[in-house]
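Participant: Predicted coordinates and the sequence they were generated for:
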2 protein chains.
Amino acid sequence: MLHPDLEALAVLLGEWQGVGRGGFPTIDDFEYREETRFGHLGKPYLTYSQSTWRLPAGEVVHGEVGFWRPQPGGRVELVVAHPSGVVEVGEGTVRAGHIELASTTVAGTGSAKEVTEIRRVVDVSEDTLRYRLEMAAVGQSLGFHLEAELYRT
Amino acid sequence: MLHPDLEALAVLLGEWQGVGRGGFPTIDDFEYREETRFGHLGKPYLTYSQSTWRLPAGEVVHGEVGFWRPQPGGRVELVVAHPSGVVEVGEGTVRAGHIELASTTVAGTGSAKEVTEIRRVVDVSEDTLRYRLEMAAVGQSLGFHLEAELYRT
C-alpha cells in the first residue's frame, strides 16, 4: 500500500521511457534513450533507477540509482549514487507535478570527475515526464547538461 | 561481456540471500533477511542493490543501492545511496575476495539521522558472502552496526 506521505510524489510512480539530449562545455553533445523506474515499498520514499543508452549506437551511458523522500510542507529530498563515482544529496519542492531540486552535497571518489552542483527540474503531466538537469563540474559553472521527455509505459 | 577491470570484484557478481543481525548503542538489536544483487553492464563498475526485511515480522528495513568501482592496484571505490537520506562514498582495497572499505564522505539530507563514518568488510568464499558494517552516527563513535552471511542463489 502506498505510504500516505508519498501522495505528492505519486505522479512519478511507474516505468518511463523516452529520449533525451545531453551536453556540457567540456564534451560533445549527445542523444540518449532512457528507461526510468520509480517504485515504492510501502515506506515513505520512492525507489529510483535510471538507465540511459547512447543514440544511435546503443552503448550504456549512465545508470543512476537512489531514493526520493517527501517531507512536510511540499518539500522533497533526493539521494542519488552515480556510476561515475559521484553521490548527490538534493533538496527542493514538489507542487502539482512540478519538482525542483538543488544539491546540498555533491561528493565523489578519488577517481571521479569533480562535480560541484546539480540542479533538477521535473514536470509530470499525465503520462509525460520532462526533466532538465544542470550541473557545475570540472571547473565549469552551473549550466545545461541533460534534458529528456519520457512516456509512461 | 564482463569488463576486464572487474576481475577482482567478479566474485561478488550474482544474487545473494541470507540472514543478518544489526545493532547500535541507540537502537534495539534486530535480525533481518537480506537479498543482494551485484550485476554489470559491460562497464568498469558493478551495479549493487540490497534489500532487507526485519525478522520475524517481515517489514522492509532498508534497501541501499549504488556502484562498486574497481581501480588500479587492487583499490575499490564505492558510492551508495541509502533510503534513510544518506549518501556514502567509500574507498579501500580488494584482494582474493576480501574487501575493506572506509568512507571518505558520508552526507545526508536535512531530515536524515547524522551518520559520520561507515566501514565495510566483505569476504567472499565460493558461494558464501559475509560482511560486517561499522558506523559512527548520532553522536556515537565507530562501532558495530550490521553483519550478515549470504548464500549465492
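Facilitator: Sure thing, it's come through. Numbering: from 1, shown residues only, chains lettered A, B, ... in the order given.

Participant: What is the least confident helix or strand in chain A?
Facilitator: When the helices and strands of chain A are compared on mean pLDDT, DSSP states H and E, strand A:60-62 comes out lowest with a mean of 92.

Participant: Strand partners (parallel or antiparallel) of the following helix or strand past it?
Facilitator: Using DSSP states H and E, the helix or strand that follows strand A:60-62 towards the C-terminus is strand A:65-71. Strand A:65-71 has the following strand partners under DSSP bridges: strand A:46-55 (antiparallel), strand A:75-82 (antiparallel).

Participant: Highest mean neighbour count out of those?
Facilitator: Most buried of those, by mean neighbour count (mean count of other CB atoms under 10 Å in any protein chain shown): strand A:75-82, with a mean of 24. Quick note: C-beta positions are derived from backbone N, CA and C, even for glycine.

Participant: Quick one: distance of it to the chain centre.
Facilitator: 8 Å (CA atoms, centre = their mean, to the nearest Å).

Participant: is it true that residue A:125 touches residue A:149?
Facilitator: No. Contact criterion CB atoms under 8 Å: residue A:125 and residue A:149 do not qualify, at 10.7 Å.

Participant: Show me which of those two is the more surrounded one.
Facilitator: Neighbours were counted for residue A:125 and for residue A:149 using other CB atoms under 10 Å in any protein chain shown; residue A:149 has more, 15 against 11.

Participant: isn't that one right up against residue A:21?
Facilitator: No. Residue A:149 is not in contact with residue A:21 according to CB under 8 Å; the separation is 9.9 Å.

Participant: coming back round to it: quick one: contacts of the least confident helix or strand of chain A?
Facilitator: With contacts defined as CB atoms under 8 Å, 6 or more residues apart in numbering or on different chains, strand A:60-62 is touched by A:30, A:32, A:50-54, A:82-84, B:41-43.

Participant: which residue is nearest the centroid of chain A?
Facilitator: Using CA atoms, centre = their mean, the residue of chain A that lies closest to the mean C-alpha position is residue A:120, 6.6 Å off.

Participant: which helices and strands sit right next to the strand or helix carrying that one?
Facilitator: Element membership for residue A:120 (DSSP H and E) is strand A:115-125. In this structure, strand A:115-125 packs against strand A:86-95, strand A:98-108, strand A:128-137, with contacts taken as 3 or more CB pairs under 8 Å, 6 or more residues apart in numbering or on different chains; DSSP states H and E.

Participant: Mind doing that once more with 6 Å?
Facilitator: If you count contacts as 3 or more CB pairs under 6 Å, 6 or more residues apart in numbering or on different chains; DSSP states H and E, strand A:115-125 packs onto strand A:98-108, strand A:128-137.

Participant: Which neighbours in the sheet does the shortest one have, and how are they oriented?
Facilitator: When pairing is defined by DSSP bridges, strand A:128-137 lines up against strand A:115-125 (antiparallel), strand A:140-152 (antiparallel).

Participant: Pipe the helices and strands packed on strand A:115-125 into CSV and attach mean neighbour count per row.
Facilitator: CSV is the format used below for the helices and strands packed on strand A:115-125 (neighbours: other CB atoms under 10 Å in any protein chain shown):
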stretch, mean neighbour count
strand A:98-108, 20
strand A:128-137, 19
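
Participant: want to throw those into JSON lines with mean pLDDT?
Facilitator: Output for these, formatted as JSON lines (pLDDT from 0 to 100):
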{"stretch": "strand A:98-108", "mean pLDDT": "98"}
{"stretch": "strand A:128-137", "mean pLDDT": "98"}
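
Participant: Tell me which of those sits nearest to residue B:95.
Facilitator: Between residue B:95 and the helices and strands packed on strand A:115-125, the shortest separation by CB to CB is 24.0 Å, and it involves strand A:98-108.

Participant: As JSON lines, the strands paired with strand A:65-71 with mean pLDDT would be great.
Facilitator: JSON lines is the format used below for the strands paired with strand A:65-71 (pLDDT from 0 to 100):
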{"stretch": "strand A:46-55", "mean pLDDT": "97"}
{"stretch": "strand A:75-82", "mean pLDDT": "98"}
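
Participant: Show me the shaky parts of chain A.
Facilitator: Of all residues in chain A, none has pLDDT under 70.

Participant: go with 90
Facilitator: Residue ranges of chain A with pLDDT under 90: A:57.

Participant: follow-up on the earlier one: direction included, what does the least confident helix or strand of chain A pair up with?
Facilitator: strand A:46-55 (antiparallel).

Participant: Put the alpha carbons of the partner strand into PDB.
Facilitator: Taking Å, rounded to 0.1, in the frame of the first residue of the first chain, the C-alpha atoms of strand A:46-55 are listed here in PDB:
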ATOM      1  CA  LEU A  46      10.300   6.300  -3.700                       C
ATOM      2  CA  THR A  47      12.900   3.900  -5.100                       C
ATOM      3  CA  TYR A  48      14.500   5.400  -8.300                       C
ATOM      4  CA  SER A  49      16.600   3.800 -11.000                       C
ATOM      5  CA  GLN A  50      17.500   5.300 -14.300                       C
ATOM      6  CA  SER A  51      19.400   3.800 -17.300                       C
ATOM      7  CA  THR A  52      20.500   5.500 -20.500                       C
ATOM      8  CA  TRP A  53      22.000   4.300 -23.700                       C
ATOM      9  CA  ARG A  54      23.700   6.500 -26.300                       C
ATOM     10  CA  LEU A  55      21.900   7.000 -29.600                       C
END
